[in-house]
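**Student:** Provided below are the primary sequence and the corresponding predicted coordinates.
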Amino acid sequence: MELEQKIKELTLLLLYLTSWKENELPDEMRRSWKGYLFDVLDELTDKDFIRGSTRSKSVYLTETGIKKAKVLAEKYQINDV
């Protein structure tokens, strides 16, 4: 697997692992800080794994993003999800 693809996968996984649930969000969405490469965040947004405005410092993980992150956690053998 090429390095760029691994960076995208691990960024999504880190967004998920550092996310939190807020009461005003639907169950399938979680919030995470977006301190990662903007190009990668833009691609994750294009795939509808995350959502958020360019002004905010956090993003929301969509249901699709959470499902993909859980698959990646298994792939990278992260057991504490």
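**Tutor:** Here it is on my side, so go on.

**Student:** Who are the contact partners of residue 28?
**Tutor:** By CB atoms under 8 Å, 6 or more residues apart in numbering, residue 28 lies in contact with 62-63, 66. For the C-beta atoms, the positions are set from N, CA and C on the backbone; glycine is no exception.

**Student:** isn't residue 52 right up against residue 65?
**Tutor:** No - applying CB atoms under 8 Å, one finds residue 52 not in contact with residue 65, separated by 11.2 Å.

**Student:** So between those two, which is more surrounded?
**Tutor:** Neighbours were counted for residue 52 and for residue 65 using other CB atoms under 10 Å; residue 65 has more, 26 against 16.

**Student:** buried sites along the host helix or strand of the more buried one?
**Tutor:** Residue 65 is part of helix 63-75 when elements are defined by DSSP states H and E. Within helix 63-75, the residues that qualify as buried are 65-66, 68-69, 72-73, counting by 16 or more other CB atoms under 10 Å.

**Student:** now stretch 32-39
**Tutor:** For stretch 32-39, by 16+ other CB under 10 Å, it's 32, 34, 36.
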